[in-house]
Structures are given as structure tokens and as C-alpha cells.
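Q: Just need the structure, nothing else, for what follows:
(one chain, ligands or ions: 2)
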Amino acid sequence: MPDSQQKKSIVVLVSGNGSNLQAIIDACAQQKLPANVSAVISNKADAYGLQRAKNANIPAVFLDHSTFTSREDYDRQLLAEISTFSPDLIVLAGFMRILSPDFVAHFEGKMLNIHPSLLPKYKGLHTHQRAIDAGDTEHGVSVHFVTAALDDGPVILQSKVPVFAEQDPEELAQRVQVQERQMYPLVIKWFCQGRLLMKNNKAFLDGNELEVQGYAAD
Ligand SMILES: Nc1nc2c(c(=O)[nH]1)N[C@@H](CN(C=O)c1ccc(C(=O)N[C@@H](CCC(=O)O)C(=O)O)cc1)CN2
Ligand SMILES: NCC(=O)N[C@@H]1O[C@H](COP(=O)([O-])[O-])[C@@H](O)[C@H]1O
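A: Ligands and ions are numbered 1, 2, ... in the order given. Sure, this is the predicted structure:
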């Protein structure tokens, strides 16, 4: 079987509910994604994403960041743990730790993140509230390659949702997450098919550079 058709190995990092993880697990199970989730790793013991992994008979690993003296020490252990699964792709799915440069360098080009904003707007946290506070009429989500600079890697795919008057951030987040669950498995499929790659800090699909609309940074 050609390499592009062999099932790829994915390790997913989570910190919370894991709805994006579940979409990926389901896509794999339904043969919509030529991959297997080899392991789920979380820095939070109570992350429901760990339970979702156990429900799917996927190794679920809790690696507590609070027991390490530095970010770099944690990331070295995280790298060692991930490497035991020999993944083709690392997927950040609500993983709420900033990753150190050495960790990112080890996996650069094979690590994705989904971020709840129209990057480069609203890098970091609390994106929905920030969009509401700014009076934005549209918001959305970006899937990007992970680089050392936070939420700054080349964007692969974006999806927009409207922001309504007197918008509640939780309702906005829910509408964004509907888009996320459709987008992430698609982008991961592109990577697993060998169609998506990062080169010179740019994203390419089928050899064509992916240009993202120029959203003004916040
Ligand atoms: N080097 C990189 N690390 C990470 C990236 C990235 O692009 N480059 N993406 C983030 C995901 N993320 C937003 O999409 C994000 C996650 C966490 C934080 C953050 O400020 N974390 C704090 C702790 C916050 C908490 O525990 O609630 C921290 O790590 O000190 C910002 C953005 C994943 N990592
Ligand atoms: N800065 C990273 C960040 O905020 N990521 C966001 O966390 C949520 C995780 O949901 P999930 O655990 O249900 O997949 C998602 O909405 C994702 O965009």
C-alpha cells in the first residue's frame, strides 16, 4: 500500500472537554481519516478528553505540569512520552500550555493547533470575549502549524461565524466549536494524505501556498 494511503499515527494533546478529539476519533473510526489516534496526553487529570480516549480504548496519559520545576523540564518529559508512540502528527486540541522552543523545533512541520479566532487576530486566551469587547461583527477559528511563536504559525484553514448584538461568549464559543469539529478532521486528513506541508514557515496544500485573508491583528 502506498505510504500516502497507509494509516498515520496521531498523538493528541488536550487539556479539557475533548470535543475536537472526539471528532478526530470518530473520523478515524468512520474511515474518513487515514489515521489512528495512538495516544491522548493531557496536563490536566480531570480533562474529559482522557475519558474519551479510554472510552475508545486509546492510551490516555496524564502528565502533570505542576510537578515540574520548569516549562522546559515538563516539555522534555512530554516529548519523551510522545516519542514512545512514534507519531506522524501531533495534534493540539485545546491543549492549554505554551510549548517551549526546543519542543516545537523537534516536531515543527508535524504539529497542528486549532485556535478560536481569525488569526492573526486575538492570539492567546479569551478570544471570544475579546472579539465581543472589540465590537467585531465576525469571529471564527483557525487551524495552523505550530511554531515557537504563540499562535503565529502558518494558517492552513479558517472559518467565520457572525457575532450577534449583545453576544454571550459561551454561545459564540459553541458556534465556533461547530465549525472546529468539521475543520480539524479535514485538515488532519490533508496532512495524513501527504498533501499538506510546512516549508519556510509557510503552509502548502498540493504544492500551492495557502494564503489567508489579511485580517487586521487586534
Ligand atoms: N509554542 C507554542 N505553543 C503553543 C501554541 C503555539 O502556537 N506555539 N498554541 C497553543 C494553543 N493556545 C491557543 O491556541 C494557547 C494555549 C495556552 C496559552 C497560555 O497562555 N497558557 C498558559 C497557561 C494557561 C492555563 O493554564 O490556563 C501557559 O502555558 O503558561 C495560550 C495559547 C498551545 N501551545
Ligand atoms: N488557545 C487554545 C484554545 O483556546 N483552544 C480552544 O479550546 C477549545 C477546546 O475544546 P475541546 O476540548 O472541546 O476540543 C476549542 O474551542 C479550541 O479552539
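Q: Contact residues of this structure facing ligand 1?
A: On the criterion Cβ under 6 Å from any ligand atom, ligand 1 has as its neighbours in the chain the residues 92, 95-99, 104, 113, 115, 124-125, 146, 148, 150-151, 153. (Each C-beta comes from the backbone N, C-alpha and C, glycine too.)
Q: list the contacts for Pro162?
A: For Pro162, the contacting residues are Thr137, Glu138, His139, by Cβ atoms under 8 Å, 6 or more residues apart in numbering.
Q: Mind checking which of the residues you listed are in strands?
A: Within the contacts of Pro162, residues falling in strands by DSSP state E are Glu138, His139.
Q: Give the next helix or strand downstream of the longest helix anywhere in the chain.
A: What stands out as the longest helix in the chain, according to DSSP state H, is helix 169-192. Counting by DSSP states H and E, the element after helix 169-192 in chain order, helix or strand, is strand 196-199.
Q: Would you mark the buried spots in that following strand?
A: Buried residues in strand 196-199, counting neighbours by 16 or more other Cβ atoms under 10 Å, are found at Leu196, Leu197, Met198.
Q: Assign the residue lying closest to the second one once chain neighbours are set aside to helix, strand or coil.
A: Which is Leu197. Distances taken as Cβ to Cβ, 6 or more residues apart in numbering put Phe204 closest to Leu197, at 5.4 Å, once the chain neighbours are dropped. Assigned by DSSP: H, G, I helix; E, B strand; the rest coil, the conformation of Phe204 is strand.
Q: my guess is Asp46 is in a helix, correct?
A: No. With three-state DSSP as the criterion, Asp46 is assigned coil and is not in a helix.
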